[in-house]
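K.L.:
let me see the structure of the following:
(chains A and B)
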Amino acid sequence: MADEQTLIEERRRKLAALRERGEAFPNDFRRDALAGELQAAYGDRDAQALERSPVRVRVAGRILAKRVMGRVSFLQLQDMSGRIQVLVQRDALGDEAYQAFKKGWDVGDIVGVEGVLIRTRTGELTVRAERLRLLTKALRPLPEKWHGLQDQEQRYRMRYVDLIVNPEVRRAFLTRTRVIAHIRRFLDERGFVEVETPMMQPIPGGATARPFVTHHNALDMDLYLRIAPELYLKRLVVGGFEKVYEINRNFRNEGLSSRHNPEFTMLEFYWAYADYRDLMDLTEEMLRGLAQEVLGSTVVRYQGRGYELGRPFRRVRLLDAVLERNPGLGAGDLRDPARARRAAEAAGIAVEPGWGPGKIQLELFEKTVEETLLEPTFVTHFPTEVSPLARRCADDPFYTDRFELFVAGREIANGFSELNDYEDQAERFREQARARAAGDDEAMYYDADFIRALEYGMPPTAGEGIGIDRLVMFLTDSPSIRDVILFPHMRPEREAAGGGRRSAGGGDGAD
RNA sequence: GGGCCGUUAGCUCAGCUGGUAGAGCAGCGGACUUUUAAUCCGUCGGUCCCAGGUUCGAGUCCUGGACGGCCCA
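P.N.:
Below you'll find the model as predicted:
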C-alpha cells in the first residue's frame, strides 16, 4: 500500500466518498484573511486579549501538516502569504464531520477554515476551526515534510511541487517580481516610457548571437525570435520617444548552462541627450536602491561572499584591466594586429583568422580578467571592432564610449553612447556582413530600414541592457539561472511506458 | 561536443571486497483533547534509470544508452 499507484488509489477512494456526498470540488468558499497577514496583525496579541475580543476569520490554503491526537488535531495551512496553524476539535465539529476529516483528509489537500483566532498552550497563533471545508482533494502525495523536494531534475520539471514545499524557492521568485517592479518604478519616476517591440523580427539584430527561426505561413517568410530589442528601441528614439525602455524576453539559440537559458529577460533602456557616463551613474543608483529595497541593505551576500553596492563602483578601461592581469604586456602590444596575435597566442588563445586587435583585446579580457572582477566594476572603452552599434570615442576611434558592468565575475549590464552617425553605422553593418559572408554566423545582418531610420536623425543618445536573470541570481544568492526562471528549459522526459525512472505523467488516463 | 559525478520505495537517504534490498517520512489499522519533524503499537510498499555482458550468483563489476548536476570548449 505504498507504491505511487497505491497511494493515488487510496486518495481516489477518498475523493469518491466526497463525490458521493456531493462536495468534491466546491467553489463557494470565500476567505477574508491571509495567513501571513494574520501573523503580522495578531502575532503579538496574547491569549487573554484574543479571548476578550474574538477575531473571526476565514482562511484557505493547502494542508502541509496534519497531526491527529485523538479527539483533537492540528493542521499547518499554507497560502500565498505564509502559514498558520489550525486547531480541529471533535467537540466543535461534531462526530461525523470530525471522522470525515480524520479519515479522509490528507497533507496536500486544499481546505477552507472558518473559526476564531486563539493562542495555544505553546504560544502559537492558531485558528480554532468552527467549520471546515475540503475544497480540493489532492491525488498525489507531497514530498517529505522535512527535506522537501531535493532532486534538481524534479524541482525544475515539477516547479509547482518545488514551490509548495520549498519556501526559499517561493521567496526567490517573489524577490524576482519585486526587482522588476522596482526597476519599472525607478524608470517610470524618471520619465522613461515602457514599450513593447517585436519578438518576431525579419532581421535579427541588436546583438551577436544565433537566433531561433520560425516561419510565417500567410506571408511565407522566415522570422527570427529576437536576440535583442535594441534596433527597434532606437527607431523609437528617432520617433521622439526620448526616454524609452522595455523589459521582456530575448531568445538565443545557444547552449544551456548555469548562466544561460535559451530565453531570458532583459531590460533595455534608451536615454536621449545622455552619454555612457550618465548611464553608469544611473545604473549605480538603480542597483543601490534595488538592493536597499529588496534586501534592506546595500551589502549583498552571494555564494558566501559579501558585496558592497553602497560605495561608488570602480571604473577601469578594458585595456588597463587586461594589462593589470598580464604584466608581461605593454599597451603597444595589443594595438598592432601582428603583435596582438602573438600576445594572444602566448596567452593560450586560439586566434581565428578574422580577428583584429580589438577582438583579441576582448578575448584576453574575457579569458584573463572577467572572472576576477568580483566587486562591482564598470569596464569601459570596448574596442570598436567588437561594438558595432556603439559610438566611437572622440579622442580615439579604435575604442567606443561603451562599458560593461561586472559583479561577482559576471556581466550584469552593457551600455554605450549610441552610434547615431548613419554613415559610420552603415559601414559597421557592411563590416559585419563581410564577417558573416566569411563564415561568422554570429555576425550581424545589414539592416537597411534601421539605417533609413537613423538618416532621419537620432539625437545623441545612450542605451543600456541589464540581464534581469543574472541580476536576480545575484540578489537571491542563487548559483544557477534555473533557480530564478520558473520553468527552465530541459530535455523532454522519457515516456513513462519506456521504463524511465521519472514518470510525472504516469497517472494520466489511469481511470 | 569533452571530462567527472549522480539515478535504490511516493519523498529524503543507507546499502562494505559480488552472496536473500534497508531506515525515516508519507500511507494503512489502532491508542491519544494543545501538538508543531507530535508520540506510541502494528502493518503494507521495490522494473535498484534502461539494454546488453562477465559470473554459480550483479543494486554492487564491464560496455553502450537515457536523464540530471558540476566543470571545460
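K.L.:
so A:Ser480 sits right up against A:Ser258, yeah?
P.N.:
Yes: between A:Ser480 and A:Ser258 there is a contact under CB atoms under 8 Å: 4.1 Å. Quick note: C-beta positions are derived from backbone N, CA and C, even for glycine.
K.L.:
these two: who's more crowded?
P.N.:
A:Ser480 (15 against 12; other CB atoms under 10 Å).
K.L.:
residues contacting the more buried one?
P.N.:
With contacts defined as CB atoms under 8 Å, 6 or more residues apart in numbering, the neighbours of A:Ser480 are A:Ser258, A:Arg259, A:Met473.
K.L.:
got the contact list for the first one?
P.N.:
This points to A:Ser258. Contacts of A:Ser258 (CB under 8 Å, 6+ apart): A:Pro479, A:Ser480, A:Ile481, A:Arg482.
K.L.:
for those residues, which single residue is the most surrounded?
P.N.:
Within the contacts of A:Ser258, neighbour counts (other CB under 10 Å) peak at A:Arg482, which reaches 23 neighbours.
K.L.:
find the nearest non-adjacent residue to that one, please.
P.N.:
Of all residues not flanking A:Arg482 in the chain, A:Pro488 sits nearest, at 3.9 Å (CB to CB, 6 or more residues apart in numbering).
K.L.:
secondary structure class for the one you found?
P.N.:
coil (DSSP: H, G, I helix; E, B strand; the rest coil).
K.L.:
you'd agree it is up against A:Tyr156?
P.N.:
Yes: counting by CB under 8 Å, A:Pro488 touches A:Tyr156, with 5.4 Å between them.
K.L.:
what residues are shared contacts of the two?
P.N.:
Common contact partners of A:Pro488 and A:Tyr156 (CB under 8 Å, 6+ apart): A:Arg482.
K.L.:
before we move on, back to that, from the contacts of A:Ser258, pick the one nearest RNA strand B.
P.N.:
RNA strand B has its nearest neighbour among the contacts of A:Ser258 in A:Ser480, at 4.1 Å by CB to the nearest atom of the strand.
K.L.:
picking that back up, looking at the contacts of A:Ser480, which is nearest A:Asp222?
P.N.:
A:Arg259 (28.9 Å; CB to CB).
K.L.:
quick check: phi and psi at the closest residue to that closest one other than its chain neighbours.
P.N.:
Of all residues beyond its chain neighbours, the one nearest A:Arg259 is A:Ile481 (5.6 Å), with distances taken as CB to CB, 6+ apart. When read as degrees, to the nearest 10, the backbone of A:Ile481 gives phi -60, psi -20.
K.L.:
pLDDT wise, what is A:Ile481 at?
P.N.:
For A:Ile481, the pLDDT comes out at 95.
K.L.:
my read: it touches A:Leu471, true?
P.N.:
No: under the criterion of CB under 8 Å, A:Ile481 makes no contact with A:Leu471, lying 11.0 Å away.
K.L.:
okay, and for chain A, where does confidence drop off?
P.N.:
By pLDDT under 70, the low-scoring segments of chain A are A:1, A:494-511.
K.L.:
what's the single longest helix in it?
P.N.:
Looking across chain A with DSSP state H, the single longest helix is helix A:167-189.
K.L.:
which SSE is immediately downstream of it?
P.N.:
strand A:193-194 (DSSP states H and E).
K.L.:
for the helix or strand just after that following strand, which strands pair with it and how are they oriented?
P.N.:
Downstream of strand A:193-194, the next assigned helix or strand under DSSP H and E is strand A:200-201. Strand A:200-201 has its sheet partners listed here by DSSP bridges as strand A:221-225 (antiparallel).
K.L.:
how distant is the strand it pairs with from the center of its chain?
P.N.:
26 Å (CA atoms, centre = their mean, to the nearest Å).
K.L.:
ok, stretch A:157-177 next?
P.N.:
12 Å.
K.L.:
measure it end to end?
P.N.:
For stretch A:157-177, the first-to-last residue distance is 21 Å (CA to CA, to the nearest Å).
K.L.:
anything in it near RNA strand B?
P.N.:
No: Stretch A:157-177 does not reach RNA strand B (CB under 7 Å from any atom of the strand); its nearest approach is 7.7 Å.
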